[in-house]
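Novice: below is the sequence, then the predicted model.
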Amino acid sequence: MSERPTCRVVRAEPDYVGKQGLTYTPAISAESVGAAGIHLQLVSMPPGARAKAHRHASHETALHVLSGVAGMWYGDDLSEHMWTRPGDFVYIPANVPHLPYNASRTETCTAVIARTDPNEQESVVLMPELDALRPPGADPMADE
């Protein structure tokens, strides 16, 4: 007989570096509580940090920016851009390529991430062919 799910308090797990190249602090997941359809964690981008271009196969993502300012290139050819600030909420549809970065030289950007993938890293699809479209160190405002 299987155990019935119940409410749980979860302490953040140790940080890890994900496939995307950013540092995550996992909390709610299939591994930690047996979640079937959600993953909740923190992401922290130190000054100058930049993810690898990627998408999440079949999974939606929502973020809430707690501190710092980050930019994100997105779209099939990473031609779209947005800025996020503390208090902003961001929605990323499933399968949309994106590349977040912290343009600040002094401030870390931290956000809460919720994703419909309870295993989080399983749906990450790296897209190295898009990394060259937005090379590290490129002026994020050049195309705006």
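Specialist: Nice, thanks for sending it over.
Novice: where along the protein do the strands fall?
Specialist: 16-17, 23-28, 39-45, 54-56, 61-67, 70-74, 80-84, 89-92, 98-101, 109-115, 124-126 (DSSP state E).
Novice: any idea which of those strands gets closest to P5?
Specialist: Across the strands of the chain, P5 has its closest neighbour in strand 23-28 (12.3 Å, Cβ to Cβ). In short, each C-beta sits where N, CA and C put it, glycine included.
Novice: what lines up beside that closest one in the sheet?
Specialist: Strand 23-28 sits in its sheet next to strand 16-17 (antiparallel), strand 39-45 (antiparallel), going by DSSP bridges.
Novice: in JSON lines, list the strands of the chain along with mean neighbour count and distance to R134.
Specialist: Formatted as JSON lines, the strands of the chain follow (neighbours: other Cβ atoms under 10 Å; distance: least, Cβ to Cβ, whole Å):
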{"stretch": "strand 16-17", "mean neighbour count": "11", "distance to R134": "20"}
{"stretch": "strand 23-28", "mean neighbour count": "18", "distance to R134": "20"}
{"stretch": "strand 39-45", "mean neighbour count": "21", "distance to R134": "15"}
{"stretch": "strand 54-56", "mean neighbour count": "23", "distance to R134": "12"}
{"stretch": "strand 61-67", "mean neighbour count": "17", "distance to R134": "19"}
{"stretch": "strand 70-74", "mean neighbour count": "22", "distance to R134": "5"}
{"stretch": "strand 80-84", "mean neighbour count": "15", "distance to R134": "9"}
{"stretch": "strand 89-92", "mean neighbour count": "14", "distance to R134": "16"}
{"stretch": "strand 98-101", "mean neighbour count": "22", "distance to R134": "6"}
{"stretch": "strand 109-115", "mean neighbour count": "21", "distance to R134": "17"}
{"stretch": "strand 124-126", "mean neighbour count": "15", "distance to R134": "14"}
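Novice: adding mean pLDDT and distance to A132, write the ones you listed out as TSV.
Specialist: Shown next, in TSV, are the strands of the chain (pLDDT from 0 to 100; distance: least, Cβ to Cβ, whole Å):
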stretch	mean pLDDT	distance to A132
strand 16-17	93	22
strand 23-28	94	24
strand 39-45	95	21
strand 54-56	94	14
strand 61-67	97	24
strand 70-74	95	12
strand 80-84	95	17
strand 89-92	98	21
strand 98-101	96	11
strand 109-115	96	24
strand 124-126	93	13
